[in-house]
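Chemist: any chance you could fold what I've pasted below:
(one chain, ligands or ions: 1)
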Amino acid sequence: NFLQLNDNQLIKQANYLNGEWQAGNKSITVSNPANGVNLGSIPVINEITLEQTIAAASNAFDTYSKTNTYQRSEWLLKWYNLILAAQDDLASILTQEQGKALAEAKGEILYAASFIKWFAEQINADHGLTLNSPVDNKQFHTRKQAVGVAALITPWNFPAAMITRKAAAALAAGCTIIIKPSELTPFTAIALVELAHRAGFPKGVINLVTGDAPMIGDALCHDQRVKKLSFTGSTPVGQKLFAQSATSLKRLSLELGGNAPFIIFADADLDAAIDALMISKFRNNGQTCVAANRIYVDQSLQQAFLTKLKAKLPSLTVGNGMDKNVLLGPLINQAAVDKVNNLVASAINAGAKLEYQADLSELSGPFFPVTLLSDITPDMAIAQQEIFGPVLAVQWFAQEDEVIKRANNTDAGLAAYFFSNNIHRCQRVAAALDYGIVGINDGMVSNAVSPFGGIKQSGLGREGGHTGLAEYQFIKAHCYGQL
Ligand code: ADP
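Modeler: Numbers count the residues shown, from 1 in each chain. Here you go, the predicted model:
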């Protein structure tokens, strides 16, 4: 029931197993968060079919891992071009099942495609080493090999990009893959896989399964044939997958929750800082793990900051993402709305000041009004948890040392941002922030060329960037003797 598609064949109510689309017996219904429209349903895979899928991916690995990098790069570039050609349909599917505004969905499709191009290029420039030998009759070389079958478990907030960031690296490296998208947003994943099918990847190289996430996660983690698990999602689920992967000693990449500080120092370009804050906060309606969560503003800027920011907020039109003038769609579901509501109410109860809240009384559904709170203190839940909604929660600070301590005082360590026009401060603060990614006078840190990942409870490994392939490879050492 998707509207406005040129190519209806992109929608399959099926799983993709060993090169074929297969419908299952039981199913899960998927609906549009903006209006509750039933979009279709997807299979609940059973244990036997899942086992057959792992076997197919494992068999395909034997030949796929030995294909040469130029061939793999060609398949990837074909997939990339098919995605670009279908970008309007893909964006429309994404908006209808996920909610984000159509222009933003198109941005995500291009971002998703950029990982495929990036890894298609990286793999042909990737190589082992010839090492200088300290022993005259010996030579030491290294080669890189694909780790094996990779399981990719992805969330609903970036239904396209979280898949390609993993899949393109895995496929370039020579791994075969089993994708488990979020059951809330499976049709974007299905459409991407249908395009990969058309690009000509051999049978069994790409598989897509849906159903009972804990059952699927448990089976993939314990299976010895699955050599790698890459997961993006919540920290508790990441910890569970880590524990479940212990017996198979699986290679893990975990991209988990954040709690990003966004610091505006007194010497910042305030207009540029506010523009970047808007981008960081309102991308995907605040539902990103790198969204500015704790906003720290030098107290000397208090009035200027609030006046300038408040002037911008009314332009953020909320509604159905398919409508042209809408910038912010719904949250993913009512539970998300309730969670954000509770965070806001408890902050106000504890003394936060409500500076601005949009009026959404004409809308029904899981929409949340753009909200600005000030006088937030570190003990409030809203400063300790990911908000995952369009709420700006502002704290004031006086000293650089103090704000760095406050910014680092969290278990999360994914992204941090700060604004300053003093180069010495920029270098000091960038080094002092305990985060995997730091935006320095920048609110948009995600790019295929740059490593993405966190420290502390935000996870393990780096995706994208020049090290992204290494997540799906092991290094073999060859020692030649008797020379
Ligand atoms: P989010 O808050 O983004 O929904 P989750 O961690 O719940 O975060 O979900 C991210 C992905 O992990 C989704 O594909 C979801 O279906 C999957 N998932 C949730 N629980 C489990 C589990 N126990 N094992 C494996 N995957 C899971």
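Chemist: near the ligand, which residues of the chain? Just list them.
Modeler: Counting by CB under 6 Å from any ligand atom, the residues of the chain close to the ligand are 153-156, 180, 182-183, 213-214, 217, 233-234, 237, 240-241. Every C-beta, even on glycine, is put in place using the N, C-alpha and C of the backbone.
Chemist: hmm, which of those are the buried ones?
Modeler: With burial judged by 16 or more other CB atoms under 10 Å, the buried subset of those is 153-156, 180, 182-183, 217, 233, 237, 240-241.
Chemist: which pair in the residues you listed spans the largest distance?
Modeler: The largest separation in these, counting by CB to CB, is between W156 and K240 at 18.0 Å.
Chemist: still on that earlier bit, among the residues of the chain next to the ligand, which ones are in strands?
Modeler: 153, 180 (DSSP state E).
Chemist: distance check, S133 against G465.
Modeler: From S133 across to G465, the span is 31 Å (CB to CB, to the nearest Å).
Chemist: more neighbours, those two?
Modeler: In this view S133 and G465 are compared by other CB atoms under 10 Å, and G465 has more residues nearby, 18 against 14.
Chemist: skipping its backbone neighbours, what lies nearest the more buried one in space?
Modeler: P451 (3.5 Å; CB to CB, 6 or more residues apart in numbering).
Chemist: how about A432?
Modeler: Per CB to CB, 6+ apart, closest to A432 is I404, 5.0 Å.
Chemist: got the buried residues for the helix or strand hosting A191?
Modeler: If you go by DSSP states H and E, A191 is part of helix 186-199. By neighbour count on 16+ other CB under 10 Å, the buried set for helix 186-199 is 186-197, 199.
Chemist: repeat that for stretch 465-478.
Modeler: So for stretch 465-478, counting by 16+ other CB under 10 Å, buried means 465, 468-473.
Chemist: before we move on, back to that, which pair of the residues of the chain next to the ligand spans the longest distance?
Modeler: Using CB to CB, the two most remote members of these are W156 and K240, lying 18.0 Å apart.
Chemist: for the residue of the chain found nearest the ligand, give me the pLDDT.
Modeler: When distances are taken as CB to the nearest ligand atom, the chain reaches nearest to the ligand at G217, 2.3 Å away. We have a pLDDT of 98 for G217.
Chemist: and if you look at M162?
Modeler: pLDDT, M162: 98.
Chemist: so it sits against T232, correct?
Modeler: Yes: M162 lies in contact with T232 (CB atoms under 8 Å); the separation is 4.9 Å.
Chemist: overlap in contacts of those two?
Modeler: 154-155, 255 (CB atoms under 8 Å, 6 or more residues apart in numbering).
Chemist: any chance of those residues in CSV, with pLDDT too?
Modeler: Formatted as CSV, the shared contacts of M162 and T232 follow (pLDDT from 0 to 100):
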residue, pLDDT
T154, 98
P155, 98
E255, 98
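Chemist: helix or strand right after the top helix by length along the chain?
Modeler: Looking across the chain with DSSP state H, the single longest helix is helix 102-124. The helix or strand immediately downstream of helix 102-124 is strand 130-131, counting by DSSP H and E.
Chemist: how far is that following strand from where the chain is centred?
Modeler: Chain-centre distance of strand 130-131: 36 Å, with CA atoms, centre = their mean, to the nearest Å.
Chemist: same for it, what does it pack against?
Modeler: Here strand 130-131 touches strand 139-146, going by 3 or more CB pairs under 8 Å, 6 or more residues apart in numbering; DSSP states H and E.
Chemist: in the strand it packs on, what's buried?
Modeler: Neighbour-count burial for strand 139-146 flags 144, 146 (criterion: 16+ other CB under 10 Å).
Chemist: what of stretch 200-217?
Modeler: 201, 203-212, 216-217.
Chemist: could you export that stretch as CSV, CA atoms only?
Modeler: Extracted C-alpha coordinates of stretch 200-217, given in CSV (Å, rounded to 0.1, in the frame of the first residue of the first chain):
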residue,chain,number,x,y,z
GLY,A,200,23.8,-9.4,-10.2
PHE,A,201,25.4,-10.4,-6.9
PRO,A,202,25.6,-14.2,-6.9
LYS,A,203,23.0,-16.4,-5.0
GLY,A,204,23.5,-16.6,-1.2
VAL,A,205,25.8,-13.6,-1.1
ILE,A,206,23.1,-11.3,0.2
ASN,A,207,20.2,-12.5,2.4
LEU,A,208,17.5,-10.6,4.3
VAL,A,209,15.5,-12.0,7.2
THR,A,210,12.7,-10.5,9.4
GLY,A,211,10.7,-11.8,12.3
ASP,A,212,11.3,-12.3,16.0
ALA,A,213,14.4,-10.1,16.7
PRO,A,214,15.5,-11.9,19.9
MET,A,215,15.2,-15.3,18.3
ILE,A,216,17.1,-14.3,15.2
GLY,A,217,19.7,-12.5,17.2
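Chemist: just put the buried residues of stretch 200-217 in CSV and tack on secondary structure.
Modeler: Formatted as CSV, the buried residues of stretch 200-217 follow (DSSP: H, G, I helix; E, B strand; the rest coil):
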residue, secondary structure
F201, coil
K203, coil
G204, coil
V205, coil
I206, strand
N207, strand
L208, strand
V209, coil
T210, coil
G211, coil
D212, coil
I216, helix
G217, helix
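Chemist: just to revisit the earlier point, wait, what's in contact with the residue nearest to A432?
Modeler: Per CB under 8 Å, 6+ apart, neighbours of I404: 429, 432-433.
Chemist: these two touch, right, G443 and D275?
Modeler: Yes: G443 is in contact with D275 according to CB under 8 Å; the separation is 7.5 Å.
Chemist: which one of the two is surrounded by more residues?
Modeler: Neighbour totals were compared for G443 and D275, and G443 leads with 23 against 14 (other CB under 10 Å).
Chemist: wait, what's in contact with that one?
Modeler: So G443 contacts 262, 275-280, 292, 417 (CB under 8 Å, 6+ apart).
Chemist: now do the SS call for it.
Modeler: coil.
Chemist: show me the shaky parts of the stretch 301-450 of the chain.
Modeler: Counting by pLDDT under 70, the stretch 301-450 of the chain has no low-confidence residues at all.
Chemist: can you tell me the closest non-neighbouring residue to the most centrally placed residue in the chain?
Modeler: Centroid-nearest residue in the chain: M162, 4.4 Å away (criterion: CA atoms, centre = their mean). Leaving aside its chain neighbours, M162 sits nearest to T154 (4.2 Å; criterion: CB to CB, 6+ apart).
Chemist: over to S420?
Modeler: Nearest non-adjacent residue to S420 (CB to CB, 6+ apart): F265, at 4.2 Å.
Chemist: verify the contact between the one you found and Y296 for me.
Modeler: No: F265 is beyond contact range of Y296, at 9.0 Å (criterion: CB under 8 Å).
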